[in-house]
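Colleague: make a model of this:
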Amino acid sequence: MNQIRPLRSVLYLPANRASAVAKARAADCDAVILDLEDAVAPEAKAQARAAAVAAVSEGGFGHRLLVVRVNALDSEWGPADCAAMAGCGPAAVLVPKLCHPDEAQIYRQQLGGGPELWAMLETCIAFTQLSAISAKAKAANLTTYVMGTNDLALEMRAKLDTDRTPFLPLLTQAVVGARAFGLSIIDGVFNDIADLAGLGAQCRQAAELGFDGKTLIHPDQLEIANAAFSPSPAEVARALAIRDAFADPGNTGKGVIKVGGKMTEMLHLREAERTLALHQAAQRNTP
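Modeller: Residues are numbered from 1 along each chain as shown. Sure, this is the predicted structure:
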């Protein structure tokens with residue numbers, strides 16, 4: 001089994017907010033995204049880029065995966081952003097509005113062989129091209145999709161509420177497109193910081209759909225996301241029972257056994273092993 005990397009909670013913050021960057025080094029999240037795009041005003045773009053380079057160089061983020069979201073290459077800031085990231089080497093670079101199959105390779109050429117590529121899915125055209133984009137992901141070291149539900153809602157002219165009914169087909173399509181080619185996938189943000197109940201509901205929805213985690217805009221949202229995308233105690237107990245049952249010498253060679261009164265196949269063993277690996281990795285990421 002490939003190494004499990006928890007991405008339950010992925011915290012956005014503007015790269016030019018020094019106090020937020022400092023707090024992120026101790027935040028209970030699995031990844032931090034230093035944003036150079038939407039969260040930064042045009043007149044502050046250069047300052048934010050320099051701050052991101054400094055933060056990457058200084059380090060100190062521990063287990064937290066450090067990601068930088070750059071501006072698009074067709075913007076006045078994108079080429080300089082990519083050049084700076086190629087030089088300083090964050091763990092990953094998140095690119096906005098990836099729309100076409102060859103775009104990931106163009107970003108890869110700009111970034112060189114260093115950081116992973118992550119890509120925002122936030123335009124209608126991206127979903128018409130998703131299979132082709134995913135098929136070319138490995139060649140560009142594109143490892144992770146991030147849903148951009150705010151931009152997608154604007155372009156679709158659809159209502160983005162807690163239930164996200166208009167978006168469920170696209171959320172499912174995104175998960176299928178990612179899993180078919182071995183990519184991770186992170187859900188979009190929840191905008192109402194004060195509505196923790198709504199956040200919890202949306203995190204549970206995303207977990208049920210198959211997402212690895214959720215992007216977040218405030219530290220108060222971390223605990224809820226971590227809980228939603230971590231195996232529950234009951235799931236861990238069930239996984240342990242399945243693993244132990246298949247390890248029993250009396251079940252050697254059996255493809256189907258009964259565990260807790262339920263028919264259990266080898267596919268359930270693989271899922272149990274993944275659940276236990278995710279649980280162990282998440283425990284290591286807990287401060």
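Colleague: spit out the contact partners of the nearest residue to residue 18 once chain neighbours are set aside.
Modeller: Closest residue in space to residue 18, ignoring its immediate chain neighbours: residue 51 at 6.9 Å, by CB to CB, 6 or more residues apart in numbering. The way it works is simple: take the backbone N, C-alpha and C, and place the C-beta from them, glycine included. By CB atoms under 8 Å, 6 or more residues apart in numbering, residue 51 lies in contact with 15, 16, 18, 21, 34.
Colleague: tell me the SS of residue 51?
Modeller: For residue 51, the assignment made with DSSP: H, G, I helix; E, B strand; the rest coil gives helix.
Colleague: quick check: it vs residue 116, distance?
Modeller: Distance of residue 51 to residue 116, computed by CB to CB, to the nearest Å: 21 Å.
Colleague: surely residue 263 is within a strand?
Modeller: Yes: assessed by three-state DSSP, residue 263 belongs to a strand.
Colleague: verify the stated contact: it with residue 245.
Modeller: No: contact criterion CB atoms under 8 Å: residue 263 and residue 245 do not qualify, at 11.8 Å.
Colleague: show me which of the two is the more surrounded one.
Modeller: residue 245 (19 against 9; other CB atoms under 10 Å).
Colleague: name the helix or strand for that one, please.
Modeller: Assigned by DSSP states H and E, residue 245 falls within helix 233-247.
Colleague: can you name the next helix or strand after that helix?
Modeller: Helix 233-247 is succeeded, C-terminally, by strand 256-259 (DSSP H and E).
Colleague: mind listing what's buried in that next one?
Modeller: 257, 259 (16 or more other CB atoms under 10 Å).
Colleague: center of this structure - which residue?
Modeller: residue 186 (3.2 Å; CA atoms, centre = their mean).
Colleague: and the closest residue to that residue other than its chain neighbours, helix, strand or coil?
Modeller: Counting by CB to CB, 6+ apart, residue 146 is the residue found nearest to residue 186 once chain neighbours are left out, at 4.7 Å. Per three-state DSSP, the local secondary structure of residue 146 is strand.
Colleague: residue 146: neighbour count?
Modeller: Count around residue 146 with other CB under 10 Å applied: 30.
Colleague: need the contact list for it.
Modeller: Here residue 146 is in contact with 10, 94, 118, 119, 120, 121, 185, 186, 188, 215 (CB under 8 Å, 6+ apart).
Colleague: identify the bridge partners of the third one.
Modeller: To tie it back to what came earlier, the one meant is residue 118. Judged by DSSP bridges, the bridge partners of residue 118 are residue 94, residue 144.
Colleague: for this protein, which segments count as strands?
Modeller: 9-14, 31-35, 65-69, 92-95, 116-121, 142-147, 184-187, 213-216, 256-259, 262-265 (DSSP state E).
Colleague: want to throw these into CSV with distance to residue 282 and mean pLDDT?
Modeller: Converted to CSV, these look like this (distance: least, CB to CB, whole Å; pLDDT from 0 to 100):
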stretch, distance to residue 282, mean pLDDT
strand 9-14, 10, 97
strand 31-35, 13, 98
strand 65-69, 14, 98
strand 92-95, 19, 98
strand 116-121, 20, 98
strand 142-147, 17, 98
strand 184-187, 15, 98
strand 213-216, 10, 98
strand 256-259, 23, 90
strand 262-265, 24, 91
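Colleague: many thanks, we can stop here.
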